[in-house]
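Participant: sequence first, predicted model second:
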Amino acid sequence: MISIHFCWPEGKAGAFTASYDDGQKEDRQLVEIFNRYGMRGTWNLNSSHRGATRDPELQTLYAGHEVAAHGLTHPWLDRLPDERILMEMMEDRRRLEAAVQYPVKGMALPYGAYDRRVMAILEQAGIVHCRTTRSTQNFGLPENFLEWHPTCHHNAELAKLWQEFTDRKESHKLFYLWGHSYEFDRNQNWEVIEQFGAQVRAALDAGWLWSATNMQIYEYVTAWRKLWCSLDGYSFRNVSGTPLWLHAGGSLIKIGAGETLSVAG
């Protein structure tokens with residue numbers, strides 16, 4: 001049986017993603033910064049606040065990123081009856097999908113509020129990844145993408161955390177940043193994300209970092225976890241539509257979507 005280990009696309013040593021909430025006007029400046037430094041992320045929108053179905057800029061503004069849900073009216077989901085939770089999420093999805101023209105299957109929890117009942121209803125509403133507001137200060141993969149705790153808010157000690165992240169040797173490390181774009185205006189500290197963006201850009205240029213949306217992380221990790229393995233440990237089948245990479249016996253191997261591969265011992 002050959003030993004195998006998870007790795008990010010093309011064997012990159014780490015991944016970065018971000019998630020910003022509420023869809024305020026400051027998103028325009030933050031998206032520009034993200035694009036300039038090669039950062040990719042997910043933008044969680046309340047469609048009743050934005051009038052998303054009437055916003056011709058929505059699809060263009062967030063091009064290259066992911067638009068996700070944040071509740072139609074940004075409610076405390078844990079304080080609502082079951083049917084209203086379902087309506088909030090389904091209607092938010094419907095309006096956002098009409099604007100961006102693709103399925104909206106991710107979200108961030110309004111106010112970070114949830115319980116087991118809420119999570120069960122979100123799954124019924126077709127949500128596959130859901131970010132909380134519980135910063136972990138670490139860099140592991142989520143056990144449950146429907147309860148996805150980020151690494152940190154952008155007000156954390158970013159330079160220190162990024163150095164810790166850079167120094168880690170695990171092949172599955174992930175840095176997940178979150179916040180609200182309007183906070184940079186309110187706190188007059190846009191330099192925080194500019195400086196952090198420069199660090200991310202340096203890692204991208206060095207070739208060891210993959211920058212991706214929340215959905216891209218979800219799709220890749222979920223596909224990797226569902227990789228089929230033969231009982232003798234030498235054959236693998238990628239049953240997903242996502243190309244996968246793994247370290248097998250010390251070599252980096254790519255398994256294309258739908259591909260079966262046998263590895264010599």
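Facilitator: Thanks, I have it.

Participant: without its sequence neighbours, what residue ends up closest to the most centrally placed residue in the chain?
Facilitator: In the chain, the centroid-proximal residue (C-alpha atoms, centre = their mean) is residue 214; its distance is 1.5 Å. Leaving aside its sequence neighbours, residue 214 sits nearest to residue 42 (C-beta to C-beta, 6 or more residues apart in numbering; 4.0 Å). Glycine gets a C-beta too; all of them are placed from N, C-alpha and C.

Participant: phi, psi of that neighbour?
Facilitator: When quoted as degrees, to the nearest 10, the phi and psi of residue 42 stand at phi -120, psi 140.

Participant: isn't it right up against residue 18?
Facilitator: Yes: assessed by C-beta atoms under 8 Å, residue 42 is found in contact with residue 18 at 7.1 Å.

Participant: who's the residue nearest to residue 214 bridged to?
Facilitator: Taking DSSP bridges as the rule, residue 42 bridges to residue 19, residue 66.

Participant: got a list of what it touches?
Facilitator: Contacts for residue 42 (C-beta atoms under 8 Å, 6 or more residues apart in numbering) come out as 17-20, 65-68, 106, 108, 131, 213-215.

Participant: again, only this time at 7 Å
Facilitator: 19, 65-66, 68, 106, 213-215 (C-beta atoms under 7 Å, 6 or more residues apart in numbering).

Participant: next one: residue 248
Facilitator: Contacts of residue 248 (C-beta under 7 Å, 6+ apart): 2, 4, 263.

Participant: show me the contacts for the first one.
Facilitator: When you say that, I think you mean residue 2. Taking C-beta under 7 Å, 6+ apart as the criterion, residue 2 is in contact with 233-234, 248-249, 263, 265.

Participant: doesn't it belong to a strand?
Facilitator: No: looking at residue 2 with DSSP: H, G, I helix; E, B strand; the rest coil, it is coil, so not inside a strand.

Participant: against residue 171, how distant is it?
Facilitator: As judged by C-beta to C-beta, to the nearest Å, residue 2 and residue 171 stand 16 Å apart.

Participant: swap in the last one?
Facilitator: Distance, residue 263 to residue 171, by C-beta to C-beta: 17 Å.
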